[in-house]
Every structure is written in structure tokens, then in C-alpha cells.
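*Asks:* okay, sequence plus prediction incoming.
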Amino acid sequence: MCFGSYIFLKAFSRWMDGVTMSNEPEAVPGSQAIVQQRFNQAIELEKQLRSLIDSKGPLGVNVWDLRCKIRDCYEGIILDDHDFAESHDVEQALWRLHYKQIEEFRTRIRKSMAATTATSSGPTIPIPGAKNITRSEPVHKVLASFKSFLSEAKGFYHELILKLRAKHGLPQDFFSTEEINCTNNQKSAADLKRCQLSCHRCLIYLGDLARYKELHGDADGQNHDWSVAANYYLKAISFWPASGNPHNQLAVLATYVGDELLAVYRYFRSLAVEMPFLTARDNLILLFEKNRQHYFQLSASTNESNSQASKFSESAKTKGEKTLPIGDGMKLALKDHKQQNPGSTAEMRKSFRVRFVRLNGILFTKTREDI
């Protein structure tokens, strides 16, 4: 073989190698690899966050920046690969990131309020050898920071719903439950259902954020308006009627206003759906136990009233007072009772609700300790 032929063959071989390599896929990470990388990064950042909080406290430098980075990672996963997010519970991990900070704020509020109460009760006597107690934060400052955090988290979840709906070609009104035809938008029904489910969860989280804001809105904690949280939960039901979670949250709101009957109804709804919220059963048992105590108090009060009425009747008979015919006597007695007890109707309704809830508790728990 001549030298020229050898050069030609070597060049041809290099050219063929180049053609073969160009036909092969490039060694660039695919979308799944990128998503997995983001997830691993979020896990690592969460470890760093825990270490930072343990060493510097929840108010330490860079804590907020780390939380934002973790949140961005989780949001990117949800938007880029919904299947991966579902299989790795990314949405729940994202909420836990917010909920941990909520618990930190609630702890700070309790400590601050306890310190304020202790200060108002009088100066403390220093104890030799005891550790110095650091001065707590003013309650109004902690509450202001908490409100600011809740508002920021609310904005984040609003934006996440809009991004999810935009990606799947759904209306930008995040309260709209209207679905777009899958064939026109080249989106499968399964993808749209997953989007609706994610929006449903976000609405529950928004309801929880509104609930916490109202629960810790003022230092006195007297006036509460639960309508904003309730509307979010009701919208969540409209997005995904098969879920029991929002019914459980509505039951929690009912317990805040002392409406046991409404709470029982919502807890039952929470369990009687395709995707029951199993925690509702434990909540029901706790509610029935509280109601049992209310029932005992009501029964004791009723027995005392009946005893006084019986004594009055016996006294009237002893004195030889005239009695009216049953029909006229009942009418006059009811008229006199209404005039003297204008709130009797409300008391009767309250008594009925307590007894009705007690009956449901007996049927649900299959116990009759009070009978």
C-alpha cells in the first residue's frame, strides 16, 4: 500500500467515525435527569437548612435564602415533570417547607405572649444560679412578621396555580373549574386531571394559610372571620369532589365557632368520599368525647330544672290552688314561658343539637356509657 492510499484510508476512517458519532444521541442530561438532579439538590439543601437552624436558630442568616432555593427546586419539578412530582410527593414536601416555618412562628408567638403575661403580672425575683432568661420579642412584631410570611406564601401558591393552569391550557382564573377539550389543546385527560388535583391541593394550602392568618391575626384573638378560609376549601371541593381533605378542614372551622353539628356533618363527608381523609375519624372521636361532656352538663342542668318544677307543682297542690283545663293551661303556660324566657327557643335548639350529636356519637363509637 502506497503512502497516499494510507493517508486516504486514515482520513476516510476518521470521517466515518465522525459520521457514526454524529448519529448517536448527545450525552446531554435528559429532562428526567435534570428533574432528578433538582430533587437531589433540594434534599441536600434541606439537610443544610436543618443544620443551619440547629446552629443559628430559625432567624439565622441565610435561612430564608435557603428556603427560597428549596422552594424553587420543588416548584421547577412540579412544573417540568408532574409524574416525578407525584411519585416523590414533591407537593407535600413543598407544603412541609412552609408548615415548618408556620410552626416556628407559632412557637415564637406563644413564647412572646407568655413572656408578656409574666411581665404584666409583676417583676420576677432573680434566683441565684439560675440561667438568665433572654428578653422575648414583642408580640406585635412577631405577629407582623407572621402575617408578612403568610401573605408571601399565599402569593406563591396563587402564582403556582396560574402556572399550572397555563401549562395545561386551562383558564387563568384559578377559581374556574372549566376544562378545555383535550383534542383541541393536545393534552391528555390524565394530564388535565393531574393539573386539577394539584390546583385542588394548592387551594387547600391557601385555605390553611388563611386560617392561620385569622387564628393569629390579633394579639387579643377575639374577632375572627373564617369566610376566606372556608371559600378556599369549598373551591377545593369543586375542583376535586372525591377528596375528603377539604371537608375535614371545614369541620375544623366549625369547631372554632363551637358548631358541633356542622363539624360532625363535615367529618362524615370527609370519610364518605372516594378518597377519604382518614384523620377525620380521630377528629370525630375527639369531638364526640367533648360532646359527651356537654351532654352530661346539659342532663344535670335539665334534671335540676325538672326537680324545681316538680317542687313548685307539689307546693301548688298543697295550697289548694285552682288548676286550668289542660288545653287552656298549656296555652297560658307557653305564653307565660315565652314572656319570661325570651331565649328559650335558642336554648331548645342548643339542647337538641347537643343531644343529636350525642346520638351520632353513640352510633359511631357503639358505646352508651351515659345510659
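*Replies:* Yes, it's here.
*Asks:* return the helix or strand in this structure with minimum mean pLDDT.
*Replies:* helix 3-23 (a mean of 42; mean pLDDT, DSSP states H and E).
*Asks:* so where's the chain uncertain?
*Replies:* Applying pLDDT under 70 to the chain flags the ranges 1-30, 119-136, 174-187, 218-222, 300-343, 368-371.
*Asks:* thinking again about what came up before, the least confident helix or strand of the chain: what's the following helix or strand?
*Replies:* helix 31-56 (DSSP states H and E).
*Asks:* next, the angle from the helix or strand that comes right after that following helix to helix 31-56.
*Replies:* Note on helix 31-56: by DSSP H and E, the next helix or strand toward the C-terminus is helix 63-80. Relative orientation of helix 63-80 versus helix 31-56 (axes from the mean of the first three to the mean of the last three Cα atoms, to 10 degrees): 160 degrees.
*Asks:* just list what helix 63-80 packs against, helices and strands only.
*Replies:* Applying 3 or more Cβ pairs under 8 Å, 6 or more residues apart in numbering; DSSP states H and E, we find helix 63-80 packed against helix 31-56, helix 82-87, helix 90-120, helix 139-167. Glycine gets a C-beta too; all of them are placed from N, C-alpha and C.
*Asks:* Throw these into CSV and include mean neighbour count and distance to Leu66, thanks.
*Replies:* CSV is the format used below for the helices and strands packed on helix 63-80 (neighbours: other Cβ atoms under 10 Å; distance: least, Cβ to Cβ, whole Å):
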stretch, mean neighbour count, distance to Leu66
helix 31-56, 14, 5
helix 82-87, 16, 21
helix 90-120, 16, 10
helix 139-167, 17, 15
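*Asks:* how about the ones you listed in JSON lines, adding distance to Pro246?
*Replies:* As requested, the helices and strands packed on helix 63-80 are exported to JSON lines (distance: least, Cβ to Cβ, whole Å):
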{"stretch": "helix 31-56", "distance to Pro246": "27"}
{"stretch": "helix 82-87", "distance to Pro246": "19"}
{"stretch": "helix 90-120", "distance to Pro246": "14"}
{"stretch": "helix 139-167", "distance to Pro246": "15"}
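*Asks:* out of those helices, flag the one nearest Ile285.
*Replies:* helix 90-120 (23.9 Å; Cβ to Cβ).
*Asks:* what helices and strands are in contact with that closest one?
*Replies:* Using 3+ Cβ pairs under 8 Å, 6+ apart: helix 90-120 touches helix 31-56, helix 63-80, helix 139-167, helix 189-215.
*Asks:* try 7 Å this time
*Replies:* helix 63-80, helix 139-167, helix 189-215 (3 or more Cβ pairs under 7 Å, 6 or more residues apart in numbering; DSSP states H and E).
*Asks:* tilt between it and helix 139-167?
*Replies:* 170 degrees.
*Asks:* got the angle between helix 90-120 and helix 189-215?
*Replies:* Using the same axes, to 10 degrees, helix 90-120 lies at 0 degrees relative to helix 189-215.
*Asks:* about what we covered before: for His98, find the nearest of the helices and strands packed on helix 90-120.
*Replies:* helix 139-167 (5.2 Å).
*Asks:* that closest one - contacts with which helices or strands?
*Replies:* Using 3+ Cβ pairs under 7 Å, 6+ apart: helix 139-167 touches helix 63-80, helix 90-120, helix 189-215.
*Asks:* closest to Ser344 out of the helices and strands packed on helix 63-80?
*Replies:* helix 90-120 (39.2 Å).
*Asks:* returning to that earlier point: closest to Lys290 out of the helices and strands packed on helix 63-80?
*Replies:* helix 90-120 (22.4 Å).
*Asks:* between the helix or strand harbouring Leu250 and helix 189-215, how big is the angle?
*Replies:* Following DSSP H and E, one finds Leu250 within helix 245-256. Counting by the same axes, to 10 degrees, helix 245-256 lies at 10 degrees to helix 189-215.
*Asks:* pull out the buried positions in helix 245-256.
*Replies:* Asn245, Pro246, His247, Asn248, Gln249, Leu250, Ala251, Val252, Leu253, Ala254, Thr255 (16 or more other Cβ atoms under 10 Å).
*Asks:* just to revisit the earlier point, so which of the helices and strands packed on helix 63-80 gets nearest Glu274?
*Replies:* Between these, helix 82-87 lies closest to Glu274; by Cβ to Cβ that is 17.4 Å.
*Asks:* quick one: residues in contact with the closest one.
*Replies:* With contacts defined as Cβ atoms under 7 Å, 6 or more residues apart in numbering, helix 82-87 is touched by Val35, Ile77, Ile78, Glu91, Arg194.
*Asks:* how about stretch 229-238: buried residues?
*Replies:* Per 16+ other Cβ under 10 Å, stretch 229-238 contains these buried residues: Ala229, Ala230, Tyr232, Tyr233, Lys235, Ala236, Ile237.
*Asks:* over to stretch 279-287?
*Replies:* Those would be Ala280, Asn283, Leu284, Leu287, for stretch 279-287 by 16+ other Cβ under 10 Å.
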